[in-house]
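Trainee: I need the structure of the sequence given here:
(chains A, B, C and D)
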There are 2 protein chains.
Amino acid sequence: MDRERLIDEILMLLPVLGRGLGRPGPGELGEISAQGIPVDVHISPGHVQVLIALGRGPHSIRHLAEVVGVSSPAVTQLVNHLEEHKMVERRHDPADRRVVLVDYAPGMQDIARRMMEGRRKRLREAVNPLTDEEARALLKGLVLLVGSFDAVREEAAGAKHS
Amino acid sequence: MDRERLIDEILMLLPVLGRGLGRPGPGELGEISAQGIPVDVHISPGHVQVLIALGRGPHSIRHLAEVVGVSSPAVTQLVNHLEEHKMVERRHDPADRRVVLVDYAPGMQDIARRMMEGRRKRLREAVNPLTDEEARALLKGLVLLVGSFDAVREEAAGAKHS
DNA sequence: CTACTTGTTTAAGTAACTTACATAAGTTGC
DNA sequence: GCAACTTATGTAAGTTACTTAAACAAGTAG
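Mentor: Numbering: from 1, shown residues only, chains lettered A, B, ... in the order given. Now for the predicted structure:
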């Protein structure tokens, strides 16, 4: 495979991916409202990340920031939005009252899953033509690409301390 | 391969990719300035897409908008920035004076390539561990994912006309 | 020639972040 | 025990990368 062409394709495709992520389709909005969920809940990719992470249990703001890959104030904003819509709750960690733990509000985990189902379905259908081998390679490649940005990030952090 | 886990991973990874794209590393800025290129030239992913597209010859604004995947006014802004830094030039297409053709300014194609080399290098290194098969699968998967967003987009366009 | 379409730009606005700073809570060392 | 420092979060202000609506110019069709 021509690696230069691959790089070019990646450079052309990734921004498209990045831009397309934020966009719920009209079908998705219809699905959401059909489920009695207020359609004014705009769920950005960052919100999706938070909701997925919370599926694994309560997280502190700082931990969410790490998992999502953004700053703490950005997580504050994401969580504010979800809290305003009664999807998540904040509480202080009794073991360290500085820490704010974020968790699903009661009964909201299933609602969240249903809200994200349209996105999942679309992605599922998109990757459907891939063999298991190909899917594994896609994931591996995505992880490698993300890793290269982490390297940039760590480099920047390193430069900041020197 | 567990498809649900793949979908979750994609939903977690793609936003990270999208956010990381805009960030030149300090090493990259160093390289840029070492080549005598003014470091105030901020090259976003959109600019990269434009520069790559122009590598294939002059494009109209509208065509660039299609290739890059954004609106015409967004391309206007991208091109304005590049024009301000003398990297590209605009001229009207004599065959249809409504059309603005954008092309590299003389001698700038090589400069642009050198400006993007750090990005390319980083991506090259990132995908280096992939076998040819895996690289092909990565590209195929990316194209499929992008296609799913195009589908959303076309759906939205369809809904707008009904 | 008029009405409509197409292409681009300008203006205004939004979403999704960032950094700097303020406040609260916890830790360390004297 | 207390001052100095560190850590966690939220607020404020700003930036970036888009969007849509509208304006203007050029082209097309009847």
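Trainee: which element follows the helix or strand hosting residue A:97 toward the C-terminus?
Mentor: For residue A:97, the enclosing helix or strand under DSSP states H and E is strand A:96-104. Proceeding C-terminally, strand A:96-104 gives way to helix A:108-127 as the next helix or strand, assigned by DSSP H and E.
Trainee: near chain B at all, that next one?
Mentor: Yes. Taking C-beta under 8 Å from any C-beta of the partner chain as the criterion, helix A:108-127 and chain B are in contact, through A:116, A:119-120, A:122-127. (Each C-beta comes from the backbone N, C-alpha and C, glycine too.)
Trainee: pull up the pairing partners for the strand holding residue A:97, direction included.
Mentor: Strand A:96-104 sits in its sheet next to strand A:59-60 (antiparallel), strand A:88-93 (antiparallel), going by DSSP bridges.
Trainee: show me how far it is from its chain's centre.
Mentor: Centroid separation between strand A:96-104 and its chain, computed with C-alpha atoms, centre = their mean, to the nearest Å, is 20 Å.
Trainee: same thing with stretch A:99-119?
Mentor: Average the C-alpha atoms of stretch A:99-119, do the same for its chain, and the two points are 13 Å apart (C-alpha atoms, centre = their mean).
Trainee: quick one: it near DNA strand C?
Mentor: No. Stretch A:99-119 lies apart from DNA strand C when judged by C-beta under 7 Å from any atom of the strand; the minimum separation is 7.9 Å.
Trainee: could you say which helix or strand holds the residue nearest to the spatial centre of chain A?
Mentor: Nearest to the mean C-alpha position of chain A, counting by C-alpha atoms, centre = their mean, stands residue A:49 at 2.3 Å. Secondary structure here is read from DSSP H and E; on that basis residue A:49 sits in helix A:45-54.
Trainee: what packs against that helix?
Mentor: The helices and strands touching helix A:45-54, judged by 3 or more C-beta pairs under 8 Å, 6 or more residues apart in numbering or on different chains; DSSP states H and E, are helix A:61-68, helix A:72-84, strand A:96-104, helix A:108-127, helix B:3-20.
Trainee: and it, does that touch DNA strand D?
Mentor: No. Using C-beta under 7 Å from any atom of the strand, helix A:45-54 never reaches DNA strand D; the gap is at least 11.9 Å.
Trainee: hmm, who's touching that helix?
Mentor: By C-beta atoms under 8 Å, 6 or more residues apart in numbering or on different chains, the surrounding residues in contact with helix A:45-54 are A:21-22, A:43, A:59, A:64, A:67-70, A:74-75, A:78-79, A:81-82, A:87-88, A:102-104, A:109, A:112, A:116, A:119, B:8, B:11-12, B:14-15, B:18.
Trainee: may I have the strand holding residue A:97 as CSV, with CA atoms only?
Mentor: What follows is the C-alpha trace of strand A:96-104 in CSV, where atoms were taken according to Å, rounded to 0.1, in the frame of the first residue of the first chain:
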residue,chain,number,x,y,z
ASP,A,96,-12.4,14.2,49.5
ARG,A,97,-14.9,16.9,49.4
ARG,A,98,-13.0,18.8,46.7
VAL,A,99,-13.9,16.1,44.3
VAL,A,100,-17.2,16.2,42.5
LEU,A,101,-18.5,12.8,41.4
VAL,A,102,-20.8,12.7,38.4
ASP,A,103,-23.3,9.9,38.0
TYR,A,104,-26.4,9.1,36.1
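Trainee: tell me if that strand is near DNA strand D.
Mentor: Yes. Judged by C-beta under 7 Å from any atom of the strand, strand A:96-104 and DNA strand D are in contact via A:96, A:98-100.
Trainee: that strand versus helix A:72-84: what angle between them?
Mentor: Relative orientation of strand A:96-104 with respect to helix A:72-84: 50 degrees, computed using axes from the mean of the first three to the mean of the last three C-alpha atoms, to 10 degrees.
Trainee: strand A:96-104 - what's its average pLDDT?
Mentor: For strand A:96-104, the mean per-residue pLDDT is 95.
Trainee: what residues sit buried inside it?
Mentor: A:100-102, A:104 (16 or more other C-beta atoms under 10 Å in any protein chain shown).
Trainee: ditto for stretch A:74-91
Mentor: Using 16+ other C-beta under 10 Å as the burial criterion, the residues of stretch A:74-91 that qualify are A:74-75, A:78-79, A:81-82, A:85, A:87-89.
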